[in-house]
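K.L.:
Below: sequence and its predicted model.
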Amino acid sequence: MTDQPRMPIESGVPDHFQYMHPLLMKNYGHWAWHDRPRPGVLHHVAHSGDEVWTVKAGTQRQLDVGTIRKLCDIADQYAEGHVRFTIRSNIEFMVSNAKKVKPLIEALTKEGFPVGGTGNSVTMIAHTQGWLHCDIPASDASGVVKSLMDELHDEFVNEDMPNRVHITTSCCQINCGGQGDIAINIQHTKPPKINHDLVANVCERPSVVARCPVAAIRPAIVNGKPSLEVDEKKCICCGACFPPCPPMQINDPDHSKLAIWVGGKNSNARSKPMFHKLVAAGIPNNPPRWPEVATIVKKILRVYKQDAKDWERVGDWVERIGWPRFFELTELPFTKFHIDNWRGARVSLNASTHIRF
Ligand code: SF4
Ligand code: SF4
């Protein structure tokens, strides 16, 4: 035993100041104004008179070592050796001289990294983890996002939209993901298929029963073994039972579909934050390029670009013209499934801040 206190092992996010461009560190919190000289470039001026140009480029999301080295070489040769990644996995290079901006953009474009994603563009799609990092996804994330961004390349490198457009994807129905101007989310359409031989060995049955938001799961003995059963009339196919109990398989190549939601936003600029609403469902989950999704997303963007007023986000635009007009303009079919008439939530869904186990 020593008298030295046991110190914590720091394993979280490292202090970012050590990696920061020296001018950003020097002027931290002391910026006077900024503008955007062209799409993909931000220009910040500090009270001290220092100026910094930031060039933003899109990447293919999951980066291999070769690509990271290539980006670092560009940073060393054309920028000033510092980069940072945005929350949407764009990469940003900082330079202190306007003359360095053009050669940097040319070097990035030559290597296939589009410069854009600022202002009223369609910026990089935010996605959840997908097949590479999560154990429950029904679709991929980074691969399909890269494919979809290939289709939206022109909207990334230009700032032609009425306001910024944030697109999100989510590869299950219950966990990560967020509100988006356009959200592409997995939608399960059949209850889970239970492998009764495995349940007793793998699942803690009371916690699985407690997971179900509509109380559709009951303990049962099947073929002489402890297992679970699902009341399929109650089941809303949410998939919440699958993570704690993998033998309750919900992912299915045919019945796990995609749904598109429109009009969500987190920002409270000009109007309150909004939840997105379902506009298209039952779309084939067809990775890696999701062609059916791309067609609908491009159609929504085209109509939004033509019809929205300056500075209206997608949700603001739809609120102004009304949902019937939205469906007319986008030619998306409006079906009975768009009407949210489910009342079970009043008595069964978690509607309080209390944690239940
Ligand atoms: S959305 Fe669901 S499946 Fe996708 S990474 Fe998050 S928890 Fe995993
Ligand atoms: S899919 Fe959702 S609603 Fe259906 S049994 Fe599992 S947890 Fe319950």
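P.N.:
Nice, thanks for sending it over. Ligands and ions are numbered 1, 2, ... in the order given.

K.L.:
Can you name the residues of the stretch 101-250 of the chain that neighbour ligand 2?
P.N.:
Counting by C-beta under 6 Å from any ligand atom, the stretch 101-250 of the chain comes close to ligand 2 at 191-192, 211-212, 214, 216-217, 230, 235-241, 250. (C-beta placed from N, C-alpha, C; glycine too.)

K.L.:
Among those residues, which ones are in helices?
P.N.:
Among those, the residues falling in helices (DSSP state H) are Arg211.

K.L.:
hmm, which of the residues of the stretch 101-250 of the chain next to ligand 2 are the buried ones?
P.N.:
Buried residues within these, counting neighbours by 16 or more other C-beta atoms under 10 Å: 191-192, 211-212, 214, 216-217, 230, 235-241, 250.

K.L.:
Just the element for Tyr304, please.
P.N.:
Taking DSSP states H and E as the criterion, Tyr304 maps to helix 291-307.

K.L.:
Name the residues of that helix that come out as buried.
P.N.:
292-294, 296-297, 300-301, 303-304, 307.

K.L.:
Tally up the residues packed near the spatially closest residue to Val157 that is not a sequence neighbour, please.
P.N.:
Sequence neighbours aside, Gly116 is the residue nearest to Val157 in space, at 3.8 Å (criterion: C-beta to C-beta, 6 or more residues apart in numbering). By the criterion of other C-beta atoms under 10 Å, Gly116 has 24 neighbours.

K.L.:
The one 5 residues further on too?
P.N.:
A count of nearby residues for Ser121, using other C-beta under 10 Å, gives 22.

K.L.:
Enumerate the residues of the stretch 51-200 of the chain near ligand 1.
P.N.:
So the stretch 51-200 of the chain meets ligand 1 at 128-129, 134, 136-137, 170-172, 175-177 (C-beta under 6 Å from any ligand atom).

K.L.:
buried set for whichever strand or helix holds Glu328?
P.N.:
Using DSSP H and E, Glu328 maps to helix 323-330. Of the residues in helix 323-330, those with enough neighbours to count as buried (16+ other C-beta under 10 Å) are 326-327, 329-330.

K.L.:
Going along the chain, name the strands of the stretch 151-300 of the chain.
P.N.:
167-170, 182-188, 193-194, 217-222, 225-230, 248-249, 256-262, 277-283 (DSSP state E, counting those that start in this stretch).

K.L.:
Starting from the second one, tell me which strands it pairs with and how they run.
P.N.:
Take DSSP bridges as the rule and strand 182-188 pairs in its sheet with strand 167-170 (parallel), strand 256-262 (antiparallel).

K.L.:
now the last one
P.N.:
The pairing partners recorded for strand 277-283 under DSSP bridges are strand 256-262 (antiparallel).

K.L.:
now the strand it pairs with and helix 291-307, what's the angle there?
P.N.:
Interaxial angle, strand 256-262 versus helix 291-307 (axes from the mean of the first three to the mean of the last three C-alpha atoms, to 10 degrees): 10 degrees.

K.L.:
and strand 256-262 with ligand 2, contact?
P.N.:
No - Strand 256-262 does not reach ligand 2 (C-beta under 6 Å from any ligand atom); its nearest approach is 11.7 Å.

K.L.:
Sounds good, over and out.
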